[in-house]
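**Student:** I would like the atomic coordinates for the input below:
(3 chains)
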Amino acid sequence: MNRVKPFDHLVLILGTIFMVAPVVVAFMTSTHTAADIHMNGLTLTPGGHGVETYKTVLTRQGGFTGQVTGARMMMNSLILGIGFAVGKIVLSMLAAYALVYFRFRFATAMFWVIFTTLLLPLEVRIMPSYQVMSELHLLNTYTGLIVPLLASATGTFYFRQFFKSVPDELLEAARIDGAGPIKFFIDVLVPLSKTMMAAIFIIMFVYGWNQYLWPMLMTTEERFFTLMRGIKQILQVWIGSQIPDYNEAFALAVLALLPPVLVVVVFQRWFIKGLTESDK
Amino acid sequence: MTDLPAPPLPRLARLRARFLAAPEPAKRVQFDRPLLPWLFLLPQLAVIVVFFYWPSVQAITSSFYIEDPFGFGSTFVGMENYGDALGSAEYRRIAGFTAFFTVMVTALALGLGLLLAVKADKVIRGRSAYRTALISVYAIAPPVAGLMGMMLFDQHIGPFVKLAGWFGWDMKVGLNYWDTAFAMIVVSVWKQVPYNFIFFLSGLQGIPAAVREAAVIDCKNGLRRFAGITLPLLAPTGFFLLIINITYALFDTFAVIDVMVKDKPANNPITLVYKVYLDGFRGNDIGGSSAQSVILMLVVLVLTLVQFRYLERRVHYG
Amino acid sequence: MASIEILNVSKTYPGSAARSVTGIDLTIRDGEFIVLVGPSGCGKSTLLRMVAGLEDISEGEVRIGDRRVNDVDPADRDIAMVFQNYALYPHMTVRENMAYGLKNRRTPAAEIEARVAEAARMLELGPYLDRKPRALSGGQRQRVAMGRAVVRQPAAFLFDEPLSNLDAKLRVSMRGEIRRLQRRLGTISIYVTHDQLEAMTLADRLVVLNAGRIEQVGAPLEIYHQPASTFVASFIGSPAMNLIDAELSGSQLRIGGAALPLDAPAPAQGPVTLGIRAEHLHRAASGLSFSVDFIEELGAQRLVHGHVEGQPLTLALPPDAPVADSMVIAPAPGALHFFDTASGQRLGAAAPAPRAKGVFA
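**Tutor:** As a prediction, this is how the structure comes out:
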């Protein structure tokens, strides 16, 4: 059954090449000059101008106000990614703890109030969400960037499933050992959830980092721009120009994809665990 | 306990009963504190109420009003916004394209994901390398995917355009409606294949070895074995992914589309979500945009209910 | 002097009309080892968990020492519990697992240290104190769970099927260890199991439960020799006691077409359920004609399965006893048990324990 099958490998190799090649092309091409690219098209070989291109993209002050650099955008993306992931973990762990480990009135109702949010993605309520943010004067703030994205129950769902899978006897043993709700949470449940927290952190970091529509609407001041917003920007500048800055566009794309790709690849095992266990 | 089964309740009553009944306690033993659970729930509830329920209710209410363009209040118009949206030829054309786009992206992304997963499941050597390579694509943001797609389909430097040229296809992405659609579908599929791959592979590896071995003994033909044993066992994963992929094609491709139509949506294909955004933020037609939002909400609602019903049924399998 | 009193305790789960546990009365003396035994769903775990405080007591009263504990938190009941899956905290070392309960009750550090060291010595856990549970074998985890109970120095140990997750060999040796430990500490123990052998070997007194009620309470041998009902007769002892339909008429016992003379006055007349232990049947010159279906060789004895008058019957014979396809058998004197056919309750006074012929004689 487990003989080596060249045909299987062929399909896999072709598939993988098709999937990964664009990333390689993006990186290689970003190390050539714009004129070079304009003349010769995309390449699979490294050019000699990588360092200066990335340096330019990271440090040149761009935009209308001259306030925003690639590094700044990267910083903002990081704040969004980490802030979102941490916020998600804190909110959803607390809520899931209440739902799983407590007996209280309206528990069912609260379950539904929270899990109804799984029904409607942000995209379909983007317009009124924007209005609410502007009424609350949260446009162009990190709070406004991060907190509204937390209004969904995905994390709560993951943690609820996980808590339910923790053996009942652990709580019983802890109660006989004299642990109250707070002690049990801190002494037993949080340490037990470490792997789960890591998995959710990775998933949520990628999700937050990759946000596009919300940051685009929420941030009109350039100092709040994320890398995704920067990509939109670079394309807008592009439309009128003779020789577009292909190299810089690619460099920006590489910067935008590198952190989430690294996180996911390095912590692959946790990530897959978290991702695939959510469907159960 | 009685021997007679309980008489079947009417559907609605049963639904009500389920909703109102005390939940099956998640744990045999639970804490019994009146205040503490609310304290734990408070942050999540606050965020949800302010940033989910409030805007959702606003979307629904404003879908019944027409906002005065100069900001002098708004007028109640009942279902007029819905009528306008559904009645307009443009809206129907975009809805048609959205359906086509969704079917194409879902079918291709699922098919390719399944193909690669089945192959990766068969090989031992290099499986994790393939997986790592594919997972890295999962982490790429849709707008970045859109940008890279644009380059690959660029008029001057795009290799795909050259490739198409060899076959006599004068590809003009961004100018020609169907050429743009083609590029958008390719990029959207590319971005989604790894996700499906991860789930299918984990589903395949969840099939017990004993079942596979029994199948090998019972059936010599690999293809028949796949169709008769593997595929049915993979069906739960497949159905879950189907819903996820439809949702992805409808909503998450927003960034791909936004990047690829380059702010020139006039003669380019767009989907319904993009139209909600255009009418709301560009056209300042808040009522119309809200009505379209509500229509989309209903679509998602139906999808999710199908999913819940199905998930519920799957519990009985297990 | 600790004691536990269970007074007319019942349990009704919310949303359920029927009681899961009904009217349990039991007084446990200091130092006693009580085993609650019964099939799954008989309420034995529920009863234990009510004593522990993990389930609410719907009716009745539980007293530990001279305190009513119905509304006392589990942590304050002065009990310790050993769970089937051990319920060790996976992220804590063996030492931390044992110390956690003591820390929560603000026991001085030196005292904790001493008690953990003592428990570790007793349970031979010394070398493993700094390991995490996942680095231990099943038997070692079991011992840590016991250590966690021992360091508490409670008024009672509660065991909820603690050996069910171990393999057969380890179960036997851990059984001995639990018994030895309990003897040494002299602490009241309530032990729940569905394994009748475990129940027999561990208990000072056995409580047989069925469908939420006590069927019989007594010393293991008392229950073995004088089962109060067909349920107890078939549950305790291996192989299970033979139960066959018979009829008492005058001083004769009729089984189908065959008849045996009774050696004691009949406790009733008419149809009864007759109980005979497998080891109390032997070959005889006259008696019942028994046809053999198959034989199980156990080494120390052989179990001969067959039937008498169309009813299945099992004999336990010495390993060298000759067996024919068809043979005449008779019960040992005083080895007959009679039960009511409808209620399954024992009929008449208990006979004195019979002396079995064969290997056990």
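**Student:** Tell me, how many residues neighbour residue A:187?
**Tutor:** Neighbour count for residue A:187, taken as other CB atoms under 10 Å in any protein chain shown: 20. In short, each C-beta sits where N, CA and C put it, glycine included.
**Student:** For it, which non-adjacent residue is closest in space?
**Tutor:** Excluding the flanking residues, the one nearest residue A:187 by CB to CB, 6 or more residues apart in numbering or on different chains is residue A:179, at 6.2 Å.
**Student:** residues touching the one you found, list them.
**Tutor:** A:187-188, C:75, C:100, C:104 (CB atoms under 8 Å, 6 or more residues apart in numbering or on different chains).
**Student:** now residue A:212
**Tutor:** So residue A:212 contacts A:228-229, A:232, B:141-143, B:254-255, B:258 (CB under 8 Å, 6+ apart).
**Student:** let's see it at 10 Å
**Tutor:** A:226, A:228-229, A:231-232, B:141-144, B:146, B:252, B:254-256, B:258-259 (CB atoms under 10 Å, 6 or more residues apart in numbering or on different chains).
**Student:** circling back to that earlier point, what is the nearest of the contacts of residue A:179 to residue C:169?
**Tutor:** Using CB to CB, the shortest approach to residue C:169 within these belongs to residue C:100, at 30.7 Å.
**Student:** That closest one: helix or strand, and which one exactly?
**Tutor:** Per DSSP states H and E, residue C:100 falls inside helix C:94-104.
**Student:** Which other helices and strands does the longest strand along chain C contact?
**Tutor:** Criterion DSSP state E: the longest strand present in chain C is strand C:281-297. With contacts taken as 3 or more CB pairs under 10 Å, 6 or more residues apart in numbering or on different chains; DSSP states H and E, strand C:281-297 sits against strand C:258-261, strand C:302-308, strand C:311-317, strand C:326-331.
**Student:** If I average pLDDT within each of the ones you listed, which one is lowest?
**Tutor:** Per-stretch mean pLDDT for those is lowest at strand C:258-261 (a mean of 87).
**Student:** Restrict it to CA atoms and write it as CSV.
**Tutor:** Taking C-alpha atoms only, strand C:258-261 is exported to CSV below (Å, rounded to 0.1, in the frame of the first residue of the first chain):
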residue,chain,number,x,y,z
ALA,C,258,-36.5,-35.0,38.0
ALA,C,259,-36.8,-34.9,41.8
LEU,C,260,-34.4,-34.6,44.7
PRO,C,261,-35.1,-35.2,48.4
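**Student:** Just the buried positions in that strand, please.
**Tutor:** Of the residues in strand C:258-261, those buried under the neighbour-count criterion (16 or more other CB atoms under 10 Å in any protein chain shown) are residue C:260.
**Student:** Direction included, what does it pair up with?
**Tutor:** strand C:252-255 (antiparallel) (DSSP bridges).
**Student:** What residues of the strand it pairs with count as buried?
**Tutor:** Buried residues in strand C:252-255 (16+ other CB under 10 Å): C:253-255.
**Student:** What is the nearest of those to chain A?
**Tutor:** Distance to chain A, by CB to the nearest CB, is smallest for residue C:255 among those, at 49.1 Å.
**Student:** so that closest one touches residue C:288, yeah?
**Tutor:** Yes - if you go by CB atoms under 10 Å, residue C:255 and residue C:288 touch, sitting 6.5 Å apart.
**Student:** Which neighbours do the two have in common?
**Tutor:** Contacts common to residue C:255 and residue C:288, judged by CB under 10 Å, 6+ apart, are C:244, C:308-309, C:313.
**Student:** Buried members of those residues into ChimeraX, please.
**Tutor:** Command for ChimeraX, covering only those of these found buried under the criterion 16+ other CB under 10 Å:
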select /C:244,308,309,313
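**Student:** So residue A:96 is in contact with residue A:161, correct?
**Tutor:** Yes - between residue A:96 and residue A:161 a contact is recorded at 8.6 Å, counting by CB under 10 Å.
**Student:** Look at the two and report which has more neighbours.
**Tutor:** More crowded of residue A:96 and residue A:161, by other CB under 10 Å: residue A:96, with 28 against 16.
**Student:** Next, see if the helix or strand containing the more buried one gets close to chain B.
**Tutor:** For residue A:96, the host element (DSSP H and E) is helix A:70-101. Yes - on the criterion CB under 10 Å from any CB of the partner chain, helix A:70-101 is in touch with chain B at A:77, A:87-88, A:90-101.
**Student:** can you tell me which residues contact the residue in the stretch 1-150 of chain C positioned nearest to chain B?
**Tutor:** Residue nearest to chain B within the stretch 1-150 of chain C (CB to the nearest CB): residue C:54, separated by 5.3 Å. Residues near residue C:54 by CB under 10 Å, 6+ apart: A:168-169, A:171-173, A:175-176, B:28-29, C:45-46, C:48, C:74, C:81, C:158, C:160.
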